[in-house]
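In: no sequence on hand, only this structure:
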Ligand SMILES: [Fe+2]
């Protein structure tokens with residue numbers, strides 16, 4: 001597995017045990033990098049241990065219901081307020097590429113991004129690719145670690161999906177190594193930087209402007225299945241005491257802003273709470289499927305969901321198509337042809353996707369199928385599926401995913417002008433032999 005190899009390389013670089021994690025999605029954690037740094041029994045004593053500054057970090061309203069409420073308390077060398085005035089930031093134009101208010105109904109597909117030019121870090125390597133009022137979807141290609149700068153996304157939480165190259169994500173609450181096959185979640189507004197653990201890195205990012213991602217309800221599935229809370233890993237407190245200038249780049253209302261600090265913002269010696277970054281190994285997803293007939297609706301593969309105000313209708317679902325057995329009898333086994341009210345942006349982490357045999361959907365590439373516009377298997381995949389021997393088959397070496405949204409997903413100007421935009425995508429659905437009635 002590519003992810004395991006990447007993690008072994010990481011542990012060689014950082015030393016075994018360099019990363020320390022707690023487990024459990026949305027648990028209430030307590031973590032201190034310095035023994036005694038965490039106040040006991042209260043959040044904001046007159047003088048916190050060692051003179052640390054107590055600071056609440058809230059990613060829901062104070063008055064959100066208890067089950068929804070997310071906040072952490074941070075104990076740091078200096079408060080997060082200690083920076084200069086923000087000024088408009090002229091760099092990283094890809095990150096703020098315009099997303100026009102109206103788009104065509106066309107089904108679109110893109111080749112992977114070209115490798116990043118030398119000295120391109122995660123900030124400069126991000127490209128806004130598509131979005132709507134609830135999500136902005138980015139691709140990234142980077143060739144260098146972020147140095148002396150930090151990022152803050154005030155417009156939404158980030159779901160990072162690496163496709164190539166392992167990342168070291170340094171956040172205010174601790175560090176996470178995130179290899180392809182893993183995902184990382186970074187709460188809205190948390191400061192972070194991305195270092196590369198390989199020569200280059202690329203992947204996908206969902207910037208979620210809506211309700212924070214959570215695990216989906218399981219309904220009749222029961223208490224177990226899909227992604228288990230215990231498999232989400234949350235970093236232990238980690239800090240650096242660095243008295244050097246650091247540029248803080250903030251995305252706020254869709255624009256970029258920059259301010260200077262005279263010290264590292266990663267100076268939190270202890271924290272407690274439930275608003276925290278986490279990582280998750282997609283190989284731990286307990287994939288369920290049909291053991292009788294018919295292909296289930298792809299919602300059976302939902303890892304995380306950001307609900308909207310309409311029950312059962314997500315602002316964004318993060319759905320994966322991992323290796324799995326296909327055993328359904330008398331069944332057209334690939335994803336069926338369909339038109340639906342949700343809009344779907346797909347990516348491929350590795351291998352190939354079973355609905356497309358004609359090539360064109362490559363790891364690192366992307367496709368977009370918007371609401372009520374038909375899509376499904378290509379001609380080659382359809383012909384094979386309609387004549388296949390339906391013995392049990394294991395789909396190996398595949399990991400595709402989808403960001404599915406209740407609003408139309410509009411490509412950015414940059415995505416529409418990208419050299420990798422395939423102008424022949426519709427051709428994969430041309431040439432179906434006509435059904436013959438008796
Ligand atoms: Fe679909």
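Out: Good, I have the coordinates. None of these values were measured; they are calculated from a predicted model.

In: show me the strands in the stretch 201-350 of the chain, by range?
Out: In the stretch 201-350 of the chain, the strands defined using DSSP state E, counting those that start in this stretch lie at 201-208, 232-235, 246-252, 255-261, 268-273, 278-281, 302-307, 314-321, 324-326, 343-351.

In: just checking, what packs against the fourth one?
Out: The elements that strand 255-261 packs onto, with contact taken as 3 or more C-beta pairs under 8 Å, 6 or more residues apart in numbering; DSSP states H and E, are strand 87-88, strand 246-252. C-beta here means a position set from N, CA and C on the backbone, and glycine is covered the same way.

In: tabulate these (CSV), appending mean neighbour count, distance to residue 420 and mean pLDDT.
Out: Listed next are the helices and strands packed on strand 255-261 as CSV, based on neighbours: other C-beta atoms under 10 Å; distance: least, C-beta to C-beta, whole Å; pLDDT from 0 to 100:
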stretch, mean neighbour count, distance to residue 420, mean pLDDT
strand 87-88, 9, 30, 98
strand 246-252, 20, 24, 98
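
In: give the buried residues for stretch 282-296.
Out: The neighbour-count check on stretch 282-296 (16 or more other C-beta atoms under 10 Å) flags 282, 285, 295 as buried.

In: that older thread, quick one: closest of the strands of the stretch 201-350 of the chain to residue 433.
Out: When these are compared by C-beta to C-beta, strand 324-326 sits nearest residue 433, at 23.9 Å.

In: report the central residue of this protein.
Out: residue 159 (2.5 Å; C-alpha atoms, centre = their mean).

In: on that earlier part again, can you add distance to residue 417 and give the buried residues of stretch 282-296 back as CSV?
Out: Formatted as CSV, the buried residues of stretch 282-296 follow (distance: C-beta to C-beta, whole Å):
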residue, distance to residue 417
282, 32
285, 35
295, 36
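
In: which one of these sits closest to residue 233?
Out: Using C-beta to C-beta, the shortest approach to residue 233 within the buried residues of stretch 282-296 belongs to residue 282, at 12.7 Å.

In: ok, the closest one touching residue 318?
Out: No. Look at residue 282 against residue 318 with C-beta atoms under 8 Å: they stay out of range, at 10.0 Å.

In: residue ranges of the helices in the stretch 51-200 of the chain, please?
Out: According to DSSP state H, counting those that start in this stretch, the stretch 51-200 of the chain carries its helices in the segments 122-125.

In: need the strands for the stretch 51-200 of the chain, in chain order.
Out: Going by DSSP E, counting those that start in this stretch, the stretch 51-200 of the chain shows strands at 53-58, 71-76, 87-88, 108-110, 126-131, 135-142, 149-153, 157-164, 167-171, 174-178, 182-186, 191-196.

In: now that we have the helices and strands packed on strand 255-261, can you turn them into CSV and tack on distance to residue 375?
Out: Shown next, in CSV, are the helices and strands packed on strand 255-261 (distance: least, C-beta to C-beta, whole Å):
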stretch, distance to residue 375
strand 87-88, 40
strand 246-252, 31
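
In: select, out of these, the one closest to residue 21.
Out: strand 246-252 (25.5 Å).

In: now do the closest one against strand 135-142, angle only.
Out: Counting by axes from the mean of the first three to the mean of the last three C-alpha atoms, to 10 degrees, strand 246-252 lies at 150 degrees to strand 135-142.

In: show me what strand 246-252 packs onto, helices and strands only.
Out: strand 149-153, strand 255-261.

In: okay, now the sheet partners of the last one, with direction.
Out: On the basis of DSSP bridges, the sheet neighbours of strand 255-261 come out as strand 87-88 (antiparallel), strand 246-252 (antiparallel).

In: contact partners of the longest one?
Out: Same thing as strand 246-252. The contact list for strand 246-252, computed with C-beta atoms under 8 Å, 6 or more residues apart in numbering, reads 83, 86, 89, 91-92, 95-96, 123, 148-155, 191, 207, 256-265.

In: which among those count as buried?
Out: Using 16+ other C-beta under 10 Å, the buried ones in those are 83, 89, 92, 95-96, 123, 149-153, 155, 191, 207, 256-259, 261, 263-265.

In: need the residues touching each of residue 282 and residue 318.
Out: Counting by C-beta under 8 Å, 6+ apart, the residues touching both residue 282 and residue 318 are 183, 303.

In: related to what we said a few turns ago, which one of the strands of the stretch 51-200 of the chain lies closest to residue 379?
Out: Closest approach to residue 379 among the strands of the stretch 51-200 of the chain (C-beta to C-beta): strand 108-110, 15.1 Å.

In: run the chain-centre distance for that closest one.
Out: 19 Å (C-alpha atoms, centre = their mean, to the nearest Å).

In: ok, now how distant is residue 182 from residue 176?
Out: 9 Å (C-beta to C-beta, to the nearest Å).

In: what touches both of those two?
Out: residue 279.

In: state the distance from residue 283 to residue 362.
Out: For residue 283, the distance to residue 362 - C-beta to C-beta - is 21 Å.

In: same deal with residue 55?
Out: Counting by C-beta to C-beta, the gap from residue 55 to residue 362 is 44 Å.

In: neighbour count: the two, which is higher?
Out: residue 55 (20 against 15; other C-beta atoms under 10 Å).

In: help me confirm that the more buried one comes into contact with residue 80.
Out: Yes. Taking contacts as C-beta under 8 Å, residue 55 lies within contact range of residue 80: 6.0 Å.

In: joint contacts of those two?
Out: Counting by C-beta under 8 Å, 6+ apart, the residues touching both residue 55 and residue 80 are residue 74.

In: need the nearest residue in space to the residue nearest to the centre of the chain, chain neighbours excluded.
Out: residue 206 (4.2 Å; C-beta to C-beta, 6 or more residues apart in numbering).
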